[in-house]
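Undergrad: Sharing a model that was predicted from the sequence below.
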Amino acid sequence: MSLQTLGYIGLRTQNLDDWADYAAKFLGMQLVDRTSSSLSFRMDDKKQRLVVNKDNADVPGFFGWEVENAAALDQYAARLEGHGVKVARGSRALADERFVKDVIVFNDPAGNRLEVMHGAETTTEPFKPGRAISGFRTGPLGMGHAVLTCENIDAIVPFYVDILGFKLSDYFLQPFAAYFFHINPRHHSLAFVQSSKPGIHHLMVETCFLDDVGQGYDLAQRNPEMIATTFGRHVNDNVMSFYSWSPSKFMFEYGWGGRSIDTENWQVKVITEGPSLWGHERHWITEEQRQVARDLRINNAANGLRIPLNVMDGNYTRARDVCPWWDAAHPSARKTG
């Protein structure tokens, strides 16, 4: 009855037209339905991944997590109720709106609306991105990840770990505190950042080619104020990415090359190297925090910290026999064929 993936996300916004352009023409999602009050986007073979509803404020809407089947959903609901969580069974109309077979609804201690569902509908219609990208890395990893802000991480972590079943991946404390959680081989589907108020810190989607990210960065640089965090690479999930400001004024991370972890044998660790191996100049933190982050990155460089790329079939070609001294120094990296 454990959660399997992040299935969909809903947002509420004052800027519906801006979201139509941002999600489709910039991120590359497919706009599949548009009304005067809502937008619906695809990222893959699922009928719906992102929903944006018109509102008088820009706030989180809902986060949809998937379980295996109807029995798992019933067991999950019973587990929540056993912990004193108030759970509502979604109506047939709500399930149809979400394109799922069944759904339950409840809130976390910070007031975020969470939905757990099963039977997300797929379509045989080919995914048609809003701009020319290779596609998104989803499937058993889910649509990406959500990073939320909260006033007290220590107070909310037990709810997500002990009740909802998330597993802690790792955490860092400098230049700010952040904790990362997994439910599948994606390094994290959820994270929390310490802040003065609850909300969305950022959402992340992962493309299948690095060039998709680079070309997105070119698009963002036409409006430099759009860039919240410059291009860089994370230490913990290894993602190469940049962050842009969404129309709702939270950040959207656009990345490539995330690591897949062994969930059965994963060991939690504190990340002392900082959030980024290189790059990722963060324009949204204080100058003091930025200096701490820079010092951590410079220290990584001085220590020669290197992390191999995470690739998948079809998005790389292997350079062969072009550097004999490297082959001699790293025999385990040499392959034939």
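TA: Perfect, I can see it now. Numbers count the residues shown, from 1 in each chain.
Undergrad: Not counting its neighbours along the chain, what's nearest Asp44?
TA: Of all residues not flanking Asp44 in the chain, Thr138 sits nearest, at 4.6 Å (C-beta to C-beta, 6 or more residues apart in numbering). Backbone N, C-alpha and C define where each C-beta goes, glycine included.
Undergrad: Contacts only, for that neighbour.
TA: Residues in contact with Thr138 (C-beta atoms under 8 Å, 6 or more residues apart in numbering) are Met43, Asp44, Lys46, Arg49, Gly144.
Undergrad: My guess is the third one contacts Glu125. True?
TA: Read that as Lys46. No - when contacts are counted by C-beta atoms under 8 Å, Lys46 is not listed as touching Glu125 (11.3 Å).
Undergrad: Compare those two (neighbour count), which wins?
TA: In this view Lys46 and Glu125 are compared by other C-beta atoms under 10 Å, and Lys46 has more residues nearby, 20 against 11.
Undergrad: who does that one bridge with?
TA: Lys46 has these beta-bridge partners by DSSP bridges: Thr122.
Undergrad: how near is it to Ile200?
TA: For Lys46, the distance to Ile200 equals 21 Å [C-beta to C-beta, to the nearest Å].
Undergrad: By neighbour count, which of the contacts of Thr138 wins?
TA: Among those, Arg49 has the most neighbours (other C-beta under 10 Å), with 27 neighbours.
Undergrad: what mean pLDDT does stretch 181-197 have?
TA: Averaged across stretch 181-197, pLDDT comes to 96.
Undergrad: brain fart, stretch 224-242
TA: 98.
Undergrad: For it, list every residue counted as buried.
TA: In terms of neighbour count (16 or more other C-beta atoms under 10 Å), stretch 224-242 has its buried residues at 226-242.
Undergrad: Stretch 265-279 now?
TA: Buried, per 16+ other C-beta under 10 Å, within stretch 265-279: Ile271, Glu273, Gly274, Pro275, Ser276, Leu277.
Undergrad: Which helix or strand contains the last one?
TA: Read it as Leu277. When elements are defined using DSSP states H and E, Leu277 is found to belong to strand 276-279.
Undergrad: Give the other helices and strands that the following helix or strand past that strand contacts.
TA: Sequence order places helix 287-302 as the next helix or strand after strand 276-279, per DSSP H and E. Here helix 287-302 touches strand 276-279, going by 3 or more C-beta pairs under 8 Å, 6 or more residues apart in numbering; DSSP states H and E.
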